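[1] Provided below for reference: sequence and predicted model.
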Amino acid sequence: MTANHGYDALVGRHAGSDRPFLRAPDGTAWSYADFADRAARLAGALASHGLRPGDRIAVQVAKHPDALALYAASLRGGHVFLPLNTAYTAAELDHFVGDSGAALVVCDPDTHEAVAPVADRFGARTATLAALAADADGADPAPVAARAPDDLAAILYTSGTTGRSKGAMLTHDNLLSNAATLKDAWRFTADDVLIHALPIFHTHGLFVATNVTLAAGSSMIFHDRYDPDAILAAMPEATAMMGVPTFYTRLLDHPGLTREATGGMRLFVSGSAPMLAETHRAWTDRTGHRILERYGMTETNMNTSNPYDGDRRPGTVGLPLPGVEVRVVDGDRAPVPAGETGMIEVRGPNVFPGYWNLPEKTAEELGPDGWFVTGDLGVLSDDGYLSIVGRQKDLVITGGYNVYPKEVEEALDDQPGVLESAVFGVAHPDMGEGVVAVVVPEAGAAPDPDALRAALEDRLARFKQPRRIEVIDALPRNAMGKVQKAALRERYADSFA
Ligand code: MCA
Ligand code: AMP
């Protein structure tokens, strides 16, 4: 039998198991054998579309069990899975399809008309997930492609300071090693039932939640969106949930969140964005549970986690995971003592091999010694707990989604009457941070914020669009001419209060 490092361990070994894997509120109920069979047939459908090992599949589809099976099919066929946020516009898609050289773009019927011309331009095929699923019904299972630990399993695009998204390459072993580590660290077993309400186009929902479930042989309740009522209704049948901080603040606003409602749960995990210590404490007061906060990145999967047994410290992201090294360094990349702030760097089997087709960018962030520069600022306590105290990278995290200001600034600067702009994040009660833009008009021009907003509609995903746009005379700059974003953040701090 051919060895496929990720597929065999995550999916293949379950092929004969009638244990439950996934159930969805729409009535779908898949055993592990059903899931493996679905993946094998979808892999057959992909092969019939001419896909070969190593080919990239770009996938922009609504959350659906078949989308998860398509990820497993991609692993089986040895393809490289490239999931895309459903909020991305066709304009944004252009870069992902072109840069990755995807052979196939999978979309939904309602986006087919917009997606097909993008795929055509780069010589990629287009298929809807529904059409692939129909093909899969009649397809023979595709053979399992041979894949070594270092072979690519996925590319996830993550924006950069230049405004251009970079494709983070992830290997079979990046995914598998992290899943095995998290399963043990968080004590996942076949008895667990995970509430899965995250999107499956990012690391959190696709890798952390799904791969941990597969690695442990647990099952999941698969919600197609986040809805606090539906989550509370699912809790009596579940044991664990993973979410971004907004999941928790919205549940705290729900009167149904009580000790009784959460009584059967054993674990609540939070990550992707900073959780306020007060949210952590409020959760404990209401439910008696201590949220377990962890820290990761697209490029590294998960790096640190608060302990399962032991002190889960509010406002910290815990300790390095087994096998993962974490250090905090100064400007010369020399480690600083505990208690001092510096740049967080990580190293381990979880760390990606680089950015797709960007060797220079890769070399800037990933040294030959394997340490990856995260762009996050942190401080280690005497007993090894990491706290994230800021970001050196100019990044806004809103509701767990990342927005790189440069990309939004470029879109604003292109608008008639705009001389320049600055984009930044300020506190938002629901999303953690909300995006704010200030624009400086060209001489004699008077850009209208509503018109600017409308102009961004087709260009940027909704979550990147500024929730507040102000026209101002000049950007505050320091003596070096650099825009003082800290001053702007302070001036507009109460925008969403
Ligand atoms: C939706 N909107 C947003 C966001 N989500 N705006 C800003 N930030 C967002 N995150 C827009 C909608 O388009 C809508 O616009 C309006 O805000 C209100 O939408 P609402 O219905 O309230 O939102 P929702 O559909 O309930 O979504 C909120 C959400 C969702 C549940 C928090 O954003 C979500 O699932 N976030 C999770 C993101 C995630 O998985 N991140 C992991 C990345 P309009 O009203 O104009 O139509 S992986 C990662 O970061 C690393 C590796 C890690 O460590 O995990
Ligand atoms: P992404 O680019 O989507 O991979 O997001 C990774 C970034 O999310 C990290 O570099 C951090 O800035 C942030 N992040 C993830 N988890 C946490 C956390 N628990 N606390 C604070 N920031 C986090």
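    Happy to help now that I have it. Ligands and ions are numbered 1, 2, ... in the order given.
[2] how close does the residue lying closest to Met302 once chain neighbours are set aside sit to Ser177?
    In this structure, Met302 finds its nearest non-sequential neighbour in Gly296, 4.0 Å apart by C-beta to C-beta, 6 or more residues apart in numbering. (Each C-beta comes from the backbone N, C-alpha and C, glycine too.) Separation of Gly296 from Ser177 (C-beta to C-beta, to the nearest Å): 13 Å.
[3] Secondary structure element for the residue of the stretch 1-150 of the chain found nearest ligand 2, which one?
    Of all residues in the stretch 1-150 of the chain, Asn85 sits closest to ligand 2, at 10.5 Å by C-beta to the nearest ligand atom. Asn85 is part of no helix or strand when elements are defined by DSSP states H and E.
[4] Contact partners for whatever residue of the stretch 1-150 of the chain ends up closest to ligand 1?
    Of all residues in the stretch 1-150 of the chain, Ala87 sits closest to ligand 1, at 6.5 Å by C-beta to the nearest ligand atom. For Ala87, the contacting residues are 401, 461-463, by C-beta atoms under 8 Å, 6 or more residues apart in numbering.
[5] What score does the residue of the chain most remote from its centre have for pLDDT?
    Outermost residue of the chain with respect to the C-alpha centroid, by C-alpha atoms, centre = their mean, is Gly444; its distance is 42.6 Å. For Gly444, the pLDDT comes out at 94.
[6] just to revisit the earlier point, what is the burial count for the residue nearest to Met302?
    24 (other C-beta atoms under 10 Å).
[7] Specify the local secondary structure of the residue of the stretch 1-150 of the chain closest to ligand 1.
    With DSSP: H, G, I helix; E, B strand; the rest coil as the basis, Ala87 sits in coil.
[8] Local confidence estimate at the nearest residue in space to it that is not next to it in sequence?
    The shortest distance from Ala87 to any non-neighbouring residue, by C-beta to C-beta, 6+ apart, is to Ala461 (3.8 Å). As predicted, Ala461 sits at a pLDDT of 96.
[9] Next, the residue nearest to Asp224 when sequence neighbours are not counted: secondary structure please.
    Leaving out its chain neighbours, the residue that sits closest to Asp224 by C-beta to C-beta, 6+ apart is Lys63, at 4.5 Å. Secondary structure, three-state DSSP: Lys63 is coil.
[10] so Thr298 makes contact with Ser159?
    No. Judged on C-beta atoms under 8 Å, Thr298 makes no contact with Ser159 at a distance of 9.9 Å.
[11] re the thing from before, and the residue nearest to Met302, how far is that from Ser305?
    Separation of Gly296 from Ser305 (C-beta to C-beta) stands at 9 Å.
[12] now Ala230
    Relative to Ser305, Ala230 is positioned 27 Å away (C-beta to C-beta).
[13] Looking at the two now, which is surrounded by more residues?
    Neighbours were counted for Ala230 and for Ser305 using other C-beta under 10 Å; Ser305 has more, 26 against 15.
[14] Leu252 versus Trp356, what's the distance?
    Remark: distance between Trp356 and Leu252 (C-beta to C-beta) = 39 Å.
[15] which of these two has more neighbours?
    The neighbour comparison of Trp356 against Leu252 (other C-beta under 10 Å) goes to Trp356, with 20 against 15.
[16] Which residue, neighbours along the chain excluded, lies closest to the more buried one?
    Ranked by C-beta to C-beta, 6+ apart and with sequence neighbours excluded, the top spatial neighbour of Trp356 is Gly167, at 3.4 Å.
[17] Does at least one residue of the helix or strand containing the one you found sit close to ligand 1?
    Assigned by DSSP H and E, Gly167 falls within strand 166-171. No. Using C-beta under 6 Å from any ligand atom, strand 166-171 stays clear of ligand 1, with a minimum separation of 9.6 Å.
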